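1. Give the three-dimensional model of this entry:
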Amino acid sequence: MAEDVIREGYYVIIRRTHERESSRLIKAEMDKPVFLGKQKIHLNNIFGQRFGTTFEWNRNRDLDVVNVQQLANTSLDLPQLSAPSGDNKDKDNRFIIDDGKSQKLSKDDIEVLKSELSSSEVIENLVKNCSTFEQKTSFAQQKYLKKKQKKYSNLVTILRPNVRLLAEMYFSRGPQKIDYLRIDSLSQMLSLCNVMSGRRYIVLDTNLGILTAAVVERLGSSGTVIQVYTDPGPVSTYRQSVDALNLPKETIANMLFGLQINEIYRLSQSNSLPEMSDQSCGQQSGDKSEKTVESEKLIRRAIRHKEALKALEILAQKDMDGLLLLSKTYDPLNIVLLLLDFLADSRPFAIFSPYMEPLSHCYSELKKKAVFLRLTETWLRKYQVLSDRSRPDMSMSPSSGYLLTGIKVNNNIIQC
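-> Prediction:
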């Protein structure tokens, strides 16, 4: 398990403290600034601190540690927010006109305040110079403060990446990056495939490796994952989510093995392990920099070749404990039929797609190879739960896609 202290070279999730949707995954390096929105931030002061620490950037864009308890005690003292609910009877937002003239401070005045005062002091000045603030109900006042905190707060929190945070971050920044796989659908796949430590699984996901990372995280340090990819070679981001977990390299090398789909097909067509050409040897030419780059490429090829050989040895036993497949770029039927042969009998599988049609085709074809087939739509709606104002989120997509699950059995059993 990765340690709880931030080190140079670790992947971290940096997020505005008052804005959950602003999360960003970065690799923390000394003297290498990053951009969070339009703000340029230096990360040199985060090393040696614990994950979950809150920082505030100063005028030099350096991050200073913030005492969260002290910050909460020195928050804005607004009597309106603590007043009894009966005091709001005479207040009515209907008579407040949003004409842009309620704020007495100009844009230039606010920029001067931002350069001279802390974020909390800037928000306090905005409240004092808002002519309609006292006319608002307590609910409207809190909404106003939260809006200003998102815009003017200089607080950021450094989080340790895990699958839940990564899935939520990728989905909020662009769900197509992870094939529209939401965290609730991901959790269902792990549960229905009975993913647990010490078992062996086949995983195919085409983007960012979020499904592979979820299986690796649940296995801990004991188990095997065969990561199947359909491209001629692994793309640069096919293990981005796995790398973000900051697991020891030895752990990853002992449990995660990549394999191209064509090699699996060759294995299924023969009774012995197919021969693979070792591409790790070659001639180096050119200047010193070119030799260095070529040497790094050869090392990566040698590692991939070793992984592929190990993966073929494991698959040849045909006793894998589960199959998890995620792809929206092609009809998964042929791939599923190929990979199911390497599962042991009575082992589960789960296939996710944002579209129902390819899974419907799989459902009808897999009746010959599986039982307990179920095609379901994953549906979830978030609710805001607050006093006197609990309600569903106003804008969200309740549907996350479709899941086809089942259990592989021997064909002879089905025919009987």
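
2. count of residues packed around Leu312?
-> A count of nearby residues for Leu312, using other CB atoms under 10 Å, gives 19. Where you see a C-beta, it was placed from the backbone N, CA and C, and this is true even at glycine.

3. So that it lines up with my notes, have the first residue be 323 from now on.
-> Sure, I'll start counting at 323 from here, so that last one is Leu634.

4. Give me the average confidence score over the strand or helix carrying it.
-> For Leu634, the element it lies in under DSSP states H and E is helix 610-637. Across helix 610-637, the average pLDDT comes to 82.

5. Likewise for stretch 722-733?
-> According to the model, stretch 722-733 has a mean pLDDT of 88.

6. What separation do you get for the closest residue to Ile418 other than its chain neighbours and Lys469?
-> Nearest residue to Ile418 in three dimensions, chain neighbours excluded: Thr454, at 5.1 Å (CB to CB, 6 or more residues apart in numbering). According to CB to CB, to the nearest Å, Thr454 and Lys469 sit 14 Å apart.

7. The two: which has the busier surroundings?
-> Thr454 (17 against 12).

8. Pull up the gap between that one and Ser460, please.
-> The gap separating Thr454 from Ser460 is 14 Å, by CB to CB.

9. can you check Asp431 too?
-> Distance from Asp431 to Ser460, by CB to CB: 27 Å.

10. now swap in Leu697 and tell me
-> Distance of Leu697 to Ser460, computed by CB to CB: 48 Å.

11. what do you get for Lys354?
-> Look at Lys354 and Ser460: by CB to CB, they are 44 Å apart.

12. Please identify which of those two sits among more neighbours.
-> Shown here are Lys354 and Ser460; by other CB under 10 Å, Ser460 has more neighbours (17 against 12).

13. Now Asn366. Nearest residue, chain neighbours left out?
-> Using CB to CB, 6+ apart, the closest residue to Asn366 is Met352 (6.0 Å).

14. What does the pLDDT read for the one you found?
-> So Met352 comes in at 90 (pLDDT).

15. Check the one 4 residues further on too.
-> The confidence metric pLDDT takes the value 88 at Val356.

16. check contacts around it.
-> Ile336, Arg346, Ile348, Lys362, Ile363, Leu365 (CB atoms under 8 Å, 6 or more residues apart in numbering).

17. try 7 Å this time
-> Contact analysis of Val356 by CB atoms under 7 Å, 6 or more residues apart in numbering lists Ile348, Ile363, Leu365.

18. for Gln582, same thing?
-> Shown in contact with Gln582 (CB under 7 Å, 6+ apart): Tyr551.

19. Name whatever forms a beta bridge with it.
-> Counting by DSSP bridges, Gln582 is bridged to Tyr551.

20. next one: Thr479
-> Arg337, Thr376.

21. Counting neighbours, what do you get for it?
-> Thr479: 18 neighbours (other CB under 10 Å).

22. ok, now Ser345?
-> By other CB under 10 Å, the residues close to Ser345 number 21.

23. Distance check, it against Phe369.
-> 20 Å.

24. One more: Leu631?
-> Applying CB to CB, the value for Leu631 to Phe369 is 38 Å.

25. for Ala624, same thing?
-> From Ala624 to Phe369 the distance is 32 Å (CB to CB).

26. show me the contacts for Ala672.
-> Ala672 sits next to Met511, Leu514, Cys515, Leu646, Leu725, Thr727 when contact means CB under 7 Å, 6+ apart.

27. Is it bridged to anything, and to what?
-> Per DSSP bridges, the residues bridged to Ala672 are Leu646, Thr727.

28. count of neighbours near the residue found closest to Lys458 once you drop the neighbours it is linked to in the chain?
-> Leaving out its chain neighbours, the residue that sits closest to Lys458 by CB to CB, 6+ apart is Asn415, at 6.2 Å. Applying other CB under 10 Å, we find 12 residues neighbouring Asn415.

29. Wait, Asn415 touches Phe461, no?
-> No - using CB atoms under 7 Å, Asn415 is not in contact with Phe461, being 8.8 Å away.

30. Contact partners for Tyr502?
-> Pro676, Ser722, Gly723.

31. ok, now with 10 Å
-> Going by CB atoms under 10 Å, 6 or more residues apart in numbering, Tyr502 touches Phe493, Gly496, Leu648, Lys650, Phe674, Ser675, Pro676, Tyr677, Ser719, Ser721, Ser722, Gly723.

32. quick one: contacts for Gly545?
-> The contact partners of Gly545, taken as CB under 10 Å, 6+ apart, are 517-523, 537-538, 576-578, 643.

33. how close does it get to Asp641?
-> On the measure of CB to CB, Gly545 and Asp641 end up 14 Å apart.

34. so how far is stretch 449-466 from its chain's centroid?
-> Distance of stretch 449-466 from its chain centroid, counting by CA atoms, centre = their mean, to the nearest Å, is 36 Å.

35. Equivalent analysis for stretch 509-525, please.
-> 18 Å.

36. Check what pLDDT Glu330 gets.
-> Glu330 carries a pLDDT value of 92.

37. Help me confirm that it comes into contact with Phe369.
-> Yes - the criterion here is CB atoms under 10 Å, and Glu330 meets it with Phe369 at 5.7 Å.

38. tell me, what's touching the two both at once?
-> Ala350, Glu351, Met352.

39. quick one: contacts for the first one?
-> Put plainly, it is Ala350. By CB under 10 Å, 6+ apart, the residues touching Ala350 are 328-334, 336, 356, 365-366, 368-369, 480.

40. Quick one: neighbours of Lys426, just the number.
-> Lys426: 12 surrounding residues under other CB under 10 Å.

41. repeat for Tyr560
-> Counted with other CB under 10 Å, the neighbours of Tyr560 add up to 19.

42. Then Leu659?
-> Around Leu659 there are 15 other residues, counting by other CB under 10 Å.

43. okay but it is in contact with Lys691, surely?
-> Yes - shown here, Leu659 and Lys691 form a contact pair, counting by CB under 10 Å, at 7.5 Å.
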